[in-house]
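Undergrad: Got a predicted structure here, sequence first:
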Amino acid sequence: MSSIRPVKQARKALLWLLVVIIVATGVLVGGVVTGKTTFAPKLALDLEGGTQMILAPRVQGNEAITQEQLDQAVEIIRQRVDGAGVTESEITTQSGRNVVVSMPGVPSQETRDLIQASANMEFRPVLIAGPYNAVPEDQRTPEKDLPKPTGEPENASDTNWITPELYKEFEAYDCAAEENNTSETTHDPAKPMISCDERAQAKYILGPQEIPGDQISNAYAQLARGVNGSVTGDWVVVIEFNPDGTKTFADTTQRLISLQGSRNQFAIVLDGKTISAPTTNAVIADGRPQISGGFTQETAQALAEQLKYGALPISFEIQSEQQVSATLGADQLKAGLIAGIIGLVLVFIYSIFQYRALGFVTIASLIVSGYLTYLALVLLGWGMNYRLSLAGVAGLIVAIGLIADSFIVYFERVRDELRDGRPLASAIDVGWGRAKRTILASKAVNLLAAVVLYIVAVGNVRGFAFTLGLTAIIDLIVVYGLTHPMLVLLSRTKFFADGHRFSGLDPSLLGAVPLYRGAGKVRHFNENAEANRGKKNQKASAEAAKRMTIAERRRAEAQASAAKPDAVKDSASKESNE
């Protein structure tokens, strides 16, 4: 029963690995058939070329731009561009004023808008709602009936903020007009404002700002959940406030919940436009409101990225845009691939020379690791816009040696157990238990180094760190899902179980100690090696004797006793002759 269980576990692990490969391959083929991706990984700027955009700041008059503002803008733009993955873009400053963005491929209009958008977000209460278009002149409120303040406003929801002049402007305001459909106008956060809601086809008079956008600590898109916890098909954007924003938002919702009509709404304003004005149905004390309202997955994720990465300290416009050629090109990529192939061939040769037939397990594992890495690169390029740079190729080449190292650790552990006299099945079981701890520790160090390097680095170095970490994870999958299960199954074959000299597991070639073969028989593999091993051999022989059955041990003792008188007799005869 104990020998059957490892075989079942090995077959189950191989089956799961096969399922993962088939599913990933099916997803890739489906993406290619539908035209959403290709069979080739996306390449970064240094290998493919792309688009260079020069962003010029939009300022009023001769307003100066500080270096601090420029550096902050570069960092925010970099986060926005790389927010969906490792795109290997280059963002630099030019002449102490402009920002140069170099991106692989041709950026979409959404990406251009994301780069330029200031994403100045604020939360304001709704004071009054009206039609999206301007009210016809003959239907506008007479002068005598215009709302007039009766005192100083007590809070941001107080209608005393609405003056006759503001109300007349509100009725005449046409959200559909081109000049009003922009986000370049700045608004005083301490005063009311007119804002348009394109989705709801409404316009509002909003009270002063209650929560600024910089009190948002995180934002992400997800599918909404119903009352019973079930997932619906509607996409929402979840906002997480910092402690200050959480407290202010709780106090604001406490006030709004008691108001009626449009005054119960709380507008979320992005660059002067209302993106949502939900009603307040409860006091939100945890600081995690949700923005809803007909989002698709793409629009929800785009909005979440804008909110997450904050507002640009200055606004930009694209001054010029041009296509740039690859800084390294296909020749360097070809050279990198050739270097990788040479490394693989050398590892293959070493594996066959050192481990003979067992080396083919290493070769099969490396081939599967390579295929899984290829699938990961292509699928990540499709889903996360990951792009492979020459630094990433270097990470893949380095990973060849790191992956092969895992197999060597495992095989040498097994061979050490064979040298100590264990049968092959037992040697694999004990050797795997020891080897996997070493492998896990090694890969944990690799992953830690890759994560730290990815966090602290920028540009191409992040690509190197990303592929290094990715291959470390794939290595663990292959060792657990292929290498160990294959060795378990091969150990049940006659070729490996009998220690064929070409199997790589021949005890006689490993300097093994005497191995008990059953029925009182002991097989000596290498007498010279046995003599040199001293106490270690005696300990291993004793360990082998412990594994005998009681009947087998008695037979061995009887045979030893029977042989002892003959040895004494031979010794006496030799002394008399002398």
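TA: Here it is on my side, so go on.
Undergrad: what number of residues lie near Leu256?
TA: Residues within reach of Leu256, counting by other Cβ atoms under 10 Å, total 21. Where C-beta positions appear, they are placed from N, C-alpha and C, glycine not excepted.
Undergrad: wait, I meant Ile363
TA: Considering only other Cβ under 10 Å, Ile363 is surrounded by 15 other residues.
Undergrad: do the same with Val99
TA: Residues lying near Val99 (other Cβ under 10 Å) number 23.
Undergrad: And for Asn160?
TA: When neighbours are counted by other Cβ under 10 Å, Asn160 registers 15.
Undergrad: That one contacts Glu152, correct?
TA: Yes. Checked against Cβ atoms under 8 Å, the pair Asn160 and Glu152 is within contact range at 6.7 Å.
Undergrad: contacting residues for the nearest residue to Leu388 once chain neighbours are set aside?
TA: In this structure, Leu388 finds its nearest non-sequential neighbour in Pro41, 4.8 Å apart by Cβ to Cβ, 6 or more residues apart in numbering. By Cβ atoms under 8 Å, 6 or more residues apart in numbering, the residues touching Pro41 are 374, 377-378, 381, 386-388.
Undergrad: Could you do Leu166 as well?
TA: Leu166 touches 192, 194, 205, counting by Cβ under 8 Å, 6+ apart.
Undergrad: swap in Trp235?
TA: Contacts for Trp235 (Cβ under 8 Å, 6+ apart) come out as 221-224, 295-297, 299-300.
Undergrad: For it, I want the exact helix or strand it lies within.
TA: strand 231-241 (DSSP states H and E).
Undergrad: do Glu171 as well
TA: Using DSSP H and E, Glu171 sits within helix 164-172.
Undergrad: picking that back up, which ones among the contacts of Trp235 map onto strands?
TA: Counting by DSSP state E, the part of those found in strands is 221-224, 295.
Undergrad: Export those residues as JSON lines, with columns for distance to Ile352 and neighbour count.
TA: Listed next are the ones in strands among the contacts of Trp235 as JSON lines, based on distance: Cβ to Cβ, whole Å; neighbours: other Cβ atoms under 10 Å:
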{"residue": "Ala221", "distance to Ile352": "51", "neighbour count": "20"}
{"residue": "Gln222", "distance to Ile352": "51", "neighbour count": "15"}
{"residue": "Leu223", "distance to Ile352": "52", "neighbour count": "12"}
{"residue": "Ala224", "distance to Ile352": "57", "neighbour count": "15"}
{"residue": "Phe295", "distance to Ile352": "57", "neighbour count": "22"}
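Undergrad: Turn those residues into TSV, including distance to Arg97 and pLDDT.
TA: As requested, the ones in strands among the contacts of Trp235 are exported to TSV (distance: Cβ to Cβ, whole Å; pLDDT from 0 to 100):
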residue	distance to Arg97	pLDDT
Ala221	35	89
Gln222	39	89
Leu223	43	89
Ala224	44	85
Phe295	36	80
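Undergrad: Could you single out the nearest of the residues you listed to Gln79?
TA: Nearest to Gln79, judged by Cβ to Cβ, of those is Ala221 at 16.6 Å.
Undergrad: nearest spatial neighbour of Ala190, skipping sequence neighbours?
TA: Closest residue to Ala190 apart from its sequence neighbours, by Cβ to Cβ, 6+ apart: Pro208 at 5.3 Å.
Undergrad: now Trp382
TA: Trp382 sits nearest to Thr37 (Cβ to Cβ, 6+ apart), 3.9 Å away.
Undergrad: My guess is that neighbour contacts Leu380. True?
TA: No. Thr37 is beyond contact range of Leu380, at 10.5 Å (criterion: Cβ under 8 Å).
Undergrad: Which strands and helices lie in contact with the longest helix along the chain?
TA: Longest helix of the chain, by residue count under DSSP state H: helix 424-456. If you count contacts as 3 or more Cβ pairs under 8 Å, 6 or more residues apart in numbering; DSSP states H and E, helix 424-456 packs onto helix 390-419, helix 460-478, helix 484-490, helix 494-497.
Undergrad: ok, back up a step: with distance to Arg356 added, can I get the ones in strands among the contacts of Trp235 in JSON lines?
TA: Shown next, in JSON lines, are those (distance: Cβ to Cβ, whole Å):
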{"residue": "Ala221", "distance to Arg356": "54"}
{"residue": "Gln222", "distance to Arg356": "53"}
{"residue": "Leu223", "distance to Arg356": "54"}
{"residue": "Ala224", "distance to Arg356": "59"}
{"residue": "Phe295", "distance to Arg356": "60"}
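Undergrad: Of those, which is the nearest to Pro507?
TA: Once Cβ to Cβ is applied, the member of these that ends up nearest Pro507 is Gln222, at 58.1 Å.
Undergrad: Leaving out the residues flanking it, which one is nearest to the closest one?
TA: Sequence neighbours aside, Val238 is the residue nearest to Gln222 in space, at 6.0 Å (criterion: Cβ to Cβ, 6+ apart).
Undergrad: Met53 belongs to a helix, doesn't it?
TA: No. Looking at Met53 with DSSP: H, G, I helix; E, B strand; the rest coil, it is strand, so not inside a helix.
Undergrad: how close does it get to Gln222?
TA: Distance, Met53 to Gln222, by Cβ to Cβ, to the nearest Å: 31 Å.
Undergrad: Next, the distance between the ends of stretch 208-215.
TA: End-to-end span of stretch 208-215 (Cα to Cα, to the nearest Å): 16 Å.
Undergrad: what about it, average pLDDT?
TA: Averaging pLDDT along stretch 208-215 gives 87.
Undergrad: Going by neighbour count, list what's buried in it.
TA: Neighbour-count burial for stretch 208-215 flags 208-213, 215 (criterion: 16 or more other Cβ atoms under 10 Å).
Undergrad: Which of the residues you listed sits closest to Ser102?
TA: Distance to Ser102 across those (Cβ to Cβ) is lowest for Gly213, with 28.2 Å.
Undergrad: That closest one against Arg124, yeah?
TA: No. Contact criterion Cβ under 8 Å: Gly213 and Arg124 do not qualify, at 11.6 Å.
Undergrad: where does this structure have its least confident helix or strand?
TA: Within the chain, confidence by mean pLDDT, DSSP states H and E is lowest for helix 527-533 among all helices and strands, at a mean of 43.
Undergrad: Please name the nearest non-neighbouring residue to Ala134.
TA: Counting by Cβ to Cβ, 6+ apart, the residue nearest Ala134 is Asp174, at 3.9 Å.
Undergrad: Hmm, I typed the wrong one, I wanted Ser262.
TA: Using Cβ to Cβ, 6+ apart, the closest residue to Ser262 is Ala129 (4.0 Å).
Undergrad: so the one you found touches Gln265, yeah?
TA: Yes. Judged on Cβ under 8 Å, Ala129 makes contact with Gln265 at a distance of 7.5 Å.
Undergrad: what sits in contact with each of those two?
TA: 204, 277.
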